[in-house]
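K.L.:
Output the structure for:
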Amino acid sequence: MALNCLLVVELLLYVVCFFCGIVTAASVAITQGEFAGECILYGTVRLNGTNLTMEFPSSQSLCYFVTTISVCVAVYCLSLALYCCCTYSVAKDGQRGHISMCVTLLVSGVFSLFLLVTGCVLRFGRNRLCESIISLPGITRCEEAQDKPWSAPYVGTRFFSNLHGAETSVWVNFFFWLLIVTTVVIQRRRGSEFTARGEDPSASPSETEPFFPGRTRPQ
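P.N.:
The predicted structure is shown next:
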């Protein structure tokens, strides 16, 4: 029963990670679209008369990296959650195979690493952008630039909110992946305890009988 509960918790964590990945990818993609397809992470802003404009945007591949990682995490979480819910064949009475849990731990470790890198990219990229904005006259906070006019074709009315939301979603996603790793490790340890004690909750009474019926236990 405890392992069944851990499996349900793991599946719920996958669902949460799916939504976090979608929020991150959508926020970065929307921001990139509002800035004519340019990536504003690590970019610099200057004044063009009374309007703000991008002076040196960063490479588009940087935003594509963030979006791709987020989409891959979301697709993996959704696929695994749907598979587990529809077939329930990844577990037998709450227990999974040793290979299955090792693969899950490996994938979780890889995704956690990429999410950590993605979170750092968003954090330092947004900070670099905000430093250039705050250095402009008349702006003391980065979010104030959302209320300033931007030169066409840039639309900067939500760039700070979108980037902040994307970063928050990545760190929440990273935290929940650490919880997934913890959950799988606990399942693996408890599954090993069942194996070490020779206990099989799914075994029928005939499977627990000795191989030589004629031999009885000594009194």
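
K.L.:
Is it correct that residue 54 falls within a strand?
P.N.:
Yes - assigned with DSSP: H, G, I helix; E, B strand; the rest coil, residue 54 falls within a strand.

K.L.:
Nearest residue to it in space, please, no chain neighbours.
P.N.:
residue 43 (5.7 Å; CB to CB, 6 or more residues apart in numbering). Just so you know, the C-beta spots here come from the backbone N, C-alpha and C atoms, and that holds for glycine as well.

K.L.:
Give me the nearest residue to the spatially most central residue of the chain, chain neighbours excluded.
P.N.:
By CA atoms, centre = their mean, the mean C-alpha position of the chain lies nearest to residue 173, the distance being 3.7 Å. Computed as CB to CB, 6+ apart, the closest residue to residue 173 that is not its neighbour in sequence is residue 20, at 3.8 Å.

K.L.:
rewinding a little: got a list of what the residue nearest to the centre of the chain touches?
P.N.:
Shown in contact with residue 173 (CB atoms under 8 Å, 6 or more residues apart in numbering): 17, 20, 21, 24, 70, 73, 115.

K.L.:
For residue 165, state which of those is nearest.
P.N.:
Relative to residue 165, the closest of the contacts of residue 173 is residue 24; by CB to CB it sits at 8.1 Å.

K.L.:
re the thing from before, which other helices and strands does the helix or strand in which the residue nearest to residue 173 is found contact?
P.N.:
Element membership for residue 20 (DSSP states H and E) is helix 2-34. Packing partners of helix 2-34 (3 or more CB pairs under 8 Å, 6 or more residues apart in numbering; DSSP states H and E): strand 39-48, helix 60-87, helix 159-197.

K.L.:
mind redoing it with 7 Å?
P.N.:
Contact analysis of helix 2-34 by 3 or more CB pairs under 7 Å, 6 or more residues apart in numbering; DSSP states H and E lists helix 60-87, helix 159-197 as its packing neighbours.

K.L.:
For it, buried residues please.
P.N.:
3, 6-7, 9-11, 13-14, 16-18, 20-32, 34 (16 or more other CB atoms under 10 Å).

K.L.:
Same question for stretch 45-59.
P.N.:
For stretch 45-59, using 16+ other CB under 10 Å, the buried residues are 45, 52, 54, 57, 58.

K.L.:
From one end of that stretch to the other, what's the distance?
P.N.:
15 Å (CA to CA, to the nearest Å).

K.L.:
Could you check how far that stretch is from the centre of its chain?
P.N.:
Computed by CA atoms, centre = their mean, to the nearest Å, the chain-centroid distance of stretch 45-59 equals 32 Å.

K.L.:
Contacts for it next, please.
P.N.:
The contact list for stretch 45-59 (CB atoms under 7 Å, 6 or more residues apart in numbering) reads 35, 38-44, 132-133, 136, 145, 148-151, 154, 156.

K.L.:
of these, buried ones?
P.N.:
Neighbour counting by 16+ other CB under 10 Å classes 35, 38-44, 132-133, 145, 148, 150, 154, 156 among those as buried.

K.L.:
Residue 129 contacts residue 43, doesn't it?
P.N.:
Yes - with contact defined as CB atoms under 7 Å, residue 129 reaches residue 43; the gap is 5.4 Å.

K.L.:
residues near residue 79, how many?
P.N.:
Using other CB atoms under 10 Å, residue 79 is surrounded by 12 other residues.

K.L.:
how near is it to residue 72?
P.N.:
Separation of residue 79 from residue 72 (CB to CB, to the nearest Å) stands at 11 Å.
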